[in-house]
Structures are given as C-alpha cells and as structure tokens.
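Undergrad: Build me a structure from this.
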Amino acid sequence: MAVKAMLELADCLRLNLEAAIKEDADWYNRFMPLSQMIMELVINRSLVRMIQQVIDEDGSVKDSASPALRRSRDQVRILEKKLYQLLDSIIRKDMKEASFLEATNVDGRWCIKSGTNQLTSFKGLLLSSDSGTGSILEPLSAVPLNDELQRTRASVAKAETDVLLVLTEKMQKDLDDIEKVLKNVIQLDVINARATYSISFEGACPDLYLPEDIDGSFSAESSEKKASKAPYAFKREWLLYIPKAYHPLLLQQHRQNLQKAEKDAKNAAAVSAVEQVHPVPIDLFIAQKTRVLVITGPNTGGKTICLKTVGLTAMMGKSGLYVLSSESARLPWFDYILADIGDEQSLSQSLSTFSGHLKQISDIRSQSTNQSLVLLDEVGAGTNPLEGAALGMSLLESFADGGALLTIATTHHGELKSLKYSNGTFENACMEFDEVNLKPTYRILWGIPGRSNAINISEKLGLPGIVISNARELYGAASAEINEVIIDMERFKQDFQELLDEAQLHLMLSRNLHEKLLLAGRKIVEHGSGQRHWKMQEISKAAAVARSTLHKKVRQLRAYLAKPSEPPTANKRKLLTSDQCPTVDNSGNTTASRSLSAVEIRTQSPSVRTELPQVGDTVYVSSLGRKATVLRVDQSKEEIVVQAGNMKLKLKLMDIGT
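TA: Next up, the predicted model:
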C-alpha cells in the first residue's frame, strides 16, 4: 500500500505538471530542473490497479484476489458459524444456576471456558485448568469441526501467499523504476520541506553569486529595484549584504515560547512579556574590499550570535533555504564555511584549552581557500594578552593576504582594532551597549571600534569612587581620550542613522507621489484618447446621416426627371435651386453638392419595352418621339408594324418603349 501511495502521488504530480504545461508551455522552464525530473518518472499504472484490486485499505488481501481464496474464506466463515452454534447449544443445555460457561478461542480452536470447580455434563478434552480462573475444554463434538477449520485456515494462508507472490513478482519487474521514483520523491520532499520552512519564517530569497564574479556589483541603489525600502542607502558595493538578519534558532525558540504562552488564554501578561523579548535583528553590510572584519564589544553583547548568524545564513543559502532577512540578501557562494565558535573562555581555563584553540585555528588555516568564510570567536584569547594580541594580529593578516575570501573575528584585544588604519582590507564593528540601563542592545555598529565599559559599569554599580579614580589613572589618560572620541563617534553614528531613516521616509513618500503622478498622467492620456475616439465616432455618424440624406435627395431628383409626361417646369427649377444650386453659409463660403452637380437636366425617354405588344396597342417610337398604333406583330423575328399618323413603319422591339 505504501508503494501504491507513492506511485499514485508521483503519477498525480506528473499529470498536474503536464496539465500546467499544456495550458502554458513556459511552466516547463519555470520548474527546471524539477520539471525534467518529474516528467522522467516512470509509473506502472497497471501495477497500481493490481494493488488496488488485491490489497484492502487496511493492508489485508481482499476476498476477490483469487477464486481459491474466496472459497477458503467462505468455508472458514461457514465452519466458524457451525462451531458457534454447536458451542451455544452445549452451553444452553449445560447451563445451571450459579454456573459460568462461555465460548472462547484458543490457538484458533473454539472451546468452552467454565468457572472454578464447576462440573460440566458434556465430554471434552481438557486444554488447561487453573484454580483461579477455571478450566478450558474442547467438546468432543467440536473436535472434527476445529480440525477442519484449521485445515481451511491453512488453505486461506496458502491462497494469500500465492496472491502476494504474484504481486511481488510483478513488482520485481519494475523494481528499478520504483526505486528511481522513490529517490525522486524523497528529493522533492526535501525541496518541499525547505520551501515550507522558508515560507513559515517569512524568509527572503538570497542572491548568491560566485566570488570570482565580482563585477556583478550590488549596492543599495540596485537593491531598491528589488525592494521598495532600502535599509542602507549608501551607493557602495557589497561583498556581503544581509539586512535585518535573524539567528534562525533564536527566532524559532521565540515563536515556540510565544505559542506556548498563547495556549493559556488567561495569561495575557505572559504573552506580552514574550512579545517584548523578540530577538533583535542585525544588519550585516561588508564592502567588497573588506577581507577581515573585527567585531568588539562587551561580554554577552551578541558578538558570538553575530558570527553564528553569518555562518548559518551562508549555509542556509547554499542549502536552498530562504534566509531570515528583511529583504533579498546578497552573499558569495563560499566553498567552505570554517568556524571556531564556542563558549567564551573563562579565566580559569588552562593552557591546554588555549592549545586546543590554536590547533583548531591551525586546521582552519590549512583548510581555507581564497573562497572560504572563516569565523573566529575570541581570537588570541586564553593566554597572555600581549602574546594573544600579537598572535591574533598576525593570524588575521595572513587571512587577509589570501587565506580566505572573508574572515570575521571577535576579540577584546584593543590592538586588533588598529589594524583597520594600517590595512585597507580590515573593517571594524562593535556591539552597541546601553550605558544608561547597563545592558546590551544587540545592535551592530559599523566602522566604530568597541570600547571598554568595565570602569563605567563598575561606577554605575556603586564601586567606591577612589577605586574608580585610581582605575582610570592606571588605565591612562590617552585611553580615556580615545574612549571620548569613540563616544562622539557613536553619537554621530546615531544622529546619522536618524537622519538616514528620515531621508528613507521622505524618499518613500516621494516615490509614492511619483507613482500617483504617473498614474494620473496615464489616466489623463487615456481620457483624451477616449474623447478623441468618441468625437470621431460622432462625426462618422453625422457624416453617415448626411450621406444617406443626400443619396435620398438624388434618387428623388432622378426619379422626378425620368417622368416623360412632365416637361421641365418651374417645379424642376425649384428642385434644382433648392437641392443643386450652390448655397452661401453664414461665413460667406459657397458650398455645393458634388452628387447633384453631376446630374444633367434633360428629358429622358421612356424605358425600352421587353415584351411583344398586341395588335391595337399603343407604343412609343423613340426615333420619332411620338406614339403609334400596332398594326401587325411578327413573333419569330420580334418585329412589329405600326401606324404613326400617315406613316407605316416596321420596327424592332428595341426601337419602341412603353
């Protein structure tokens, strides 16, 4: 039944695709390469029909599978009915007060179960006896029927085996095609699972490109063509562009907590509390010239989560998943994603842990290529700060010189922050910290090195002033000045971001107004075109009416002029004056009818006669211009002799009229 369901699914999928392609041939190319894989599925419909005919929905063999199976099962039902009737009659005959007898089935044989220490009047074979539950006896009269029932059941099993053997042999012939269908269905199911997961989290389709295809530059200006809102509007090219990126596991955990809180409708406060702790997205914008990004910031500020978000986003894109970003992300197709990301090392960790850390980094350095993504958490930590900083600087510089396409490292070493100012392939970023509330915001700030907050936090927490003062003196005035510069940079960054957001808002409003203006312009053009079309239709209708009226007048004039009995009189002149003569309009222009100007005013002859007249008839002789009386008619020659006054004339039929 599982094979049948799979084949039916594959067949239905192929039929749906064929129907879609028949309606629109372009669907084949839209689904490539899946459409080719689906169309190549080989489905044996006769096997599906055979399984439907032989196997029931619960997986059992149907009675109609073979005549032998039907006969054997009918025989089993007959024997079971006889045994039930026999045992029922025995129980009724032997039933006494306070006695307990019932029919039961033991290993396929019908027997009678009696109560504890209860004597029975029928003879039988004792199958089991228990002082607590009673005895089970097979009546002697039921033994032959039970034996026959066992033989019939064996024949049923053999008939079922024969049916299944035939079905199995038929399936073996298509085993290769069935296995291919299974592999393709599994592949399609994985694709569907990726799509379902991507849609459930409202992800965005990533724009992956090969690292060597750097000329396919991507800037905020080009991203605006794909999305109406560009979160980062600088016109510069990016190696990696992931706006408003989420860590997928954090977002999934938040949704699970929210669903759990929503199940309890009475606990509205819990739902509100869960909604307020929504994961914070991060903006990942790395320029194409950057090869190493150094992220600094306080502990638990989100540095490691930032690294993991980059790595998971790159892996999700390569796996065919949508990435959890606010819009279409752009990132290179990394051949390897190598990472040393673990829990932050504590001060109590030993040198052996640092050795393991170095071994991991060494393996990464040997495996990385110029198309790899390398993620290092707390590089150079776990040893002497000066040695760790020197080792970290040297290591990152080696990655920048061709050891990897992109390296992202987190650190607390201040020396690593200065690499940006001596090497153009380095970039700094830090995790923002709210000094008022003494907690991280989990936002990433670009181009700004992180600064130490330990002394300020200690002061906020109430450490004695003398201790704070001495700590600042020991830390040094130069470091304090650097921190002040960093504070000013952060404020400038925040002010700039506010202005940028405001500019984005005005840009969006101007785009909306521009679209409305374009729409209004199109409507005006369409309205003008419609008005011109309507005007041309009205003019055409008026012209048609004028032509019809003019033709009618011409026909009336011709009919009037064609009458021979009416000489040109004042009436004809009146018609000519009213219908043919030029007229002068209000502007003084002279107009005349083209149709009537071509009409000649002349007396037309009567129409030619088409049949022979009779003797005594009066006819019109066109050559004389007068009437004559018919004296004789020669039908064979179509000639007549007429009397016109004192003249007798012999004429043809065409020479006379009516």
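Undergrad: use CA for all of it now, contacts and neighbours both
TA: Noted.
Undergrad: how about the helices of the stretch 51-200 of the chain, start to end?
TA: For the stretch 51-200 of the chain, the helices defined by DSSP state H, counting those that start in this stretch cover 67-94, 143-173, 175-200.
Undergrad: could you dump those helices to a markdown table with mean neighbour count and mean pLDDT?
TA: Shown next, in a markdown table, are the helices of the stretch 51-200 of the chain (neighbours: other C-alpha atoms under 10 Å; pLDDT from 0 to 100):
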| stretch | mean neighbour count | mean pLDDT |
| --- | --- | --- |
| helix 67-94 | 16 | 87 |
| helix 143-173 | 16 | 91 |
| helix 175-200 | 15 | 91 |
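Undergrad: out of those, nearest to Ile136?
TA: Nearest to Ile136, of all the helices of the stretch 51-200 of the chain, is helix 67-94, at 12.7 Å by C-alpha to C-alpha.
Undergrad: other SSEs contacting the closest one?
TA: If you count contacts as 3 or more C-alpha pairs under 8 Å, 6 or more residues apart in numbering; DSSP states H and E, helix 67-94 packs onto strand 101-106, strand 109-114, helix 143-173.
Undergrad: need the helices of the stretch 51-200 of the chain in CSV with distance to Leu518, can you?
TA: Listed next are the helices of the stretch 51-200 of the chain as CSV, based on distance: least, C-alpha to C-alpha, whole Å:
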stretch, distance to Leu518
helix 67-94, 78
helix 143-173, 65
helix 175-200, 34
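Undergrad: Indicate which one of those is closest to Leu373.
TA: Closest of those to Leu373 is helix 175-200, at 23.1 Å (criterion: C-alpha to C-alpha).
Undergrad: and whichever helix or strand comes after the closest one, which strands flank it?
TA: With elements assigned by DSSP states H and E, the helix or strand that comes after helix 175-200 is strand 207-209. Using DSSP bridges, strand 207-209 pairs in its sheet with strand 330-332 (parallel).
Undergrad: just the CA coordinates of the helix or strand following the strand it pairs with, formatted as PDB?
TA: Following strand 330-332 in sequence order, the next helix or strand is strand 337-340 (DSSP H and E). C-alpha atoms of strand 337-340 as PDB (Å, rounded to 0.1, in the frame of the first residue of the first chain):
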ATOM      1  CA  ILE A 337      32.500  27.700   5.900                       C
ATOM      2  CA  LEU A 338      35.100  27.100   8.600                       C
ATOM      3  CA  ALA A 339      34.500  28.200  12.200                       C
ATOM      4  CA  ASP A 340      35.900  28.100  15.700                       C
END
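Undergrad: Strand 337-340 pairs with which strands, and in what direction?
TA: Partners of strand 337-340 in the sheet, by DSSP bridges, are strand 373-376 (parallel).
Undergrad: Pull out the buried residues from the following helix or strand past the strand it pairs with.
TA: Using DSSP H and E, the helix or strand that follows strand 373-376 towards the C-terminus is helix 385-398. Using 16 or more other C-alpha atoms under 10 Å as the test for burial, helix 385-398 gives Gly388, Ala389, Leu391, Gly392, Met393, Leu395, Leu396, Glu397.
Undergrad: Could you dump the residues you listed into a markdown table with pLDDT and distance to Leu165 added?
TA: Formatted as a markdown table, these follow (pLDDT from 0 to 100; distance: C-alpha to C-alpha, whole Å):
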| residue | pLDDT | distance to Leu165 |
| --- | --- | --- |
| Gly388 | 80 | 72 |
| Ala389 | 82 | 74 |
| Leu391 | 85 | 71 |
| Gly392 | 85 | 70 |
| Met393 | 88 | 72 |
| Leu395 | 88 | 68 |
| Leu396 | 90 | 67 |
| Glu397 | 90 | 70 |
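Undergrad: Phi first, then psi, for Ala409.
TA: Main-chain torsions, Ala409, degrees, to the nearest 10: phi -130, psi 140.
Undergrad: Can you find the helix or strand in the chain with the smallest mean pLDDT?
TA: helix 594-597 (a mean of 38; mean pLDDT, DSSP states H and E).
Undergrad: May I have the following helix or strand past it exported as CSV, CA atoms only?
TA: For helix 594-597, the succeeding helix or strand toward the C-terminus, using DSSP H and E, is strand 618-621. Taking Å, rounded to 0.1, in the frame of the first residue of the first chain, the C-alpha atoms of strand 618-621 are listed here in CSV:
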residue,chain,number,x,y,z
THR,A,618,-50.2,52.0,-78.4
VAL,A,619,-46.4,52.1,-78.2
TYR,A,620,-43.8,54.9,-78.0
VAL,A,621,-41.4,55.2,-81.0
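Undergrad: Just name whatever secondary elements strand 618-621 is in contact with.
TA: strand 626-634, strand 656-657.
Undergrad: Would you single out the least confident of the ones you listed?
TA: Looking over those, mean pLDDT reaches its minimum on strand 656-657, with a mean of 75.
Undergrad: centre of the chain versus it, how much separation?
TA: From the chain centre to the centre of strand 656-657 is a distance of 88 Å (C-alpha atoms, centre = their mean, to the nearest Å).
Undergrad: Output the contacting helices and strands for it.
TA: The helices and strands touching strand 656-657, judged by 3+ C-alpha pairs under 8 Å, 6+ apart, are strand 618-621.
Undergrad: name the helices or strands packed onto the helix or strand harbouring Ala542?
TA: Assessed by DSSP H and E, Ala542 sits inside helix 477-561. Counting contacts by 3+ C-alpha pairs under 8 Å, 6+ apart, helix 477-561 packs against helix 594-597.
Undergrad: Alpha carbons of stretch 434-450, in CSV - could you do that?
TA: C-alpha atoms of stretch 434-450 as CSV (Å, rounded to 0.1, in the frame of the first residue of the first chain):
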residue,chain,number,x,y,z
ASP,A,434,23.2,50.9,26.6
GLU,A,435,25.2,52.6,29.4
VAL,A,436,22.1,54.1,31.0
ASN,A,437,20.4,50.8,31.5
LEU,A,438,23.7,48.9,31.7
LYS,A,439,22.6,46.2,29.2
PRO,A,440,23.5,45.4,25.5
THR,A,441,21.2,46.4,22.7
TYR,A,442,22.5,43.6,20.4
ARG,A,443,22.7,46.1,17.5
ILE,A,444,25.9,46.1,15.5
LEU,A,445,27.6,49.5,14.8
TRP,A,446,29.8,49.7,11.6
GLY,A,447,33.1,51.5,11.3
ILE,A,448,33.4,52.1,15.0
PRO,A,449,35.7,50.0,17.3
GLY,A,450,34.2,48.9,20.5
